[in-house]
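Q: model the structure of this input:
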Amino acid sequence: MGRYRPPQPKSSAYITRPGHDRLDEELKALWLKRREVTAALSAAAAEGDRSENAEYIYRKKQLREMDRRIRYLQKRLDELVVVDRPPTNPQQVFFGAWVELEDERGEQVTYRIVGPDEFDVEKGWISMDSPVARALMKKTVDDEVSVRRPDGVVHYVITDIHYTDE
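A: Numbers count the residues shown, from 1 in each chain. Model (predicted):
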């Protein structure tokens, strides 16, 4: 008997056009790679005793992980909503916004608010479900925002909002 884990809350269904295209390409690439793995699995299965065949065990595991990802992507791509134009009020923070913030020490940071399937910390892309993005939604330039983090509360001032790639 396993430990019960309550289901995760549903993540937002919004995504940018490049993010959607990237997931679609990943799905197509997985289907192509699956053919190769299936052929390798068949060859490994033909070698005899499967219980001690490391290649067979590895390929089964690889195929299982690929099938899991394929199922997830097929289901997720059907429910995603592509947002490919700026909002009617570009003075407020909404999905797809580039937001420049300044903290109490005067340090500047820039975030782009994207869907949960495409966030990338190195690029400064944060999920719209993150605490920072939730605090920023519908705010305007010069608004003050407080974000609770594990090391305490951080206060930011919004210095700029734009919807075009820098």
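
Q: okay, the residue sitting furthest away from the middle of the chain and residue 58: tell me how far apart.
A: Taking Cα atoms, centre = their mean, the residue of the chain most remote from its mean C-alpha position is residue 48, at 41.7 Å. Distance, residue 48 to residue 58, using Cβ to Cβ, to the nearest Å: 16 Å. All C-beta atoms are positioned from the backbone trio N, CA, C, and that covers glycine.

Q: do residue 64 as well
A: Relative to residue 58, residue 64 is positioned 11 Å away (criterion: Cβ to Cβ).

Q: compare those two (neighbour count), which wins?
A: The neighbour comparison of residue 64 against residue 58 (other Cβ atoms under 10 Å) goes to residue 58, with 14 against 10.

Q: tell me which helix or strand that one sits in.
A: In this assignment (DSSP states H and E), residue 58 forms part of helix 54-79.

Q: list the buried residues of that helix.
A: Within helix 54-79, the residues that qualify as buried are 56, 59, 60, 66, 73, 76, counting by 16 or more other Cβ atoms under 10 Å.

Q: how far is it from where the chain is centred?
A: Taking Cα atoms, centre = their mean, to the nearest Å, one finds helix 54-79 lying 18 Å from the centre of the chain it belongs to.

Q: that one packs against which elements?
A: With contacts taken as 3 or more Cβ pairs under 8 Å, 6 or more residues apart in numbering; DSSP states H and E, helix 54-79 sits against helix 17-45.

Q: now for the helix it packs on, which elements pack on it?
A: helix 54-79.

Q: between the helix it packs on and helix 17-45, how many degrees?
A: With axes from the mean of the first three to the mean of the last three Cα atoms, to 10 degrees defining the directions, helix 54-79 sits at 150 degrees from helix 17-45.

Q: using the three-state scheme, assign residue 145.
A: Of the three states, residue 145 takes strand under DSSP: H, G, I helix; E, B strand; the rest coil.

Q: what about it, distance to residue 120?
A: Look at residue 145 and residue 120: by Cβ to Cβ, they are 22 Å apart.

Q: and the two? Which one has more around it.
A: Neighbour count, other Cβ under 10 Å: between residue 145 and residue 120, residue 145 has more, with 18 against 12.

Q: fine by me, thanks again.
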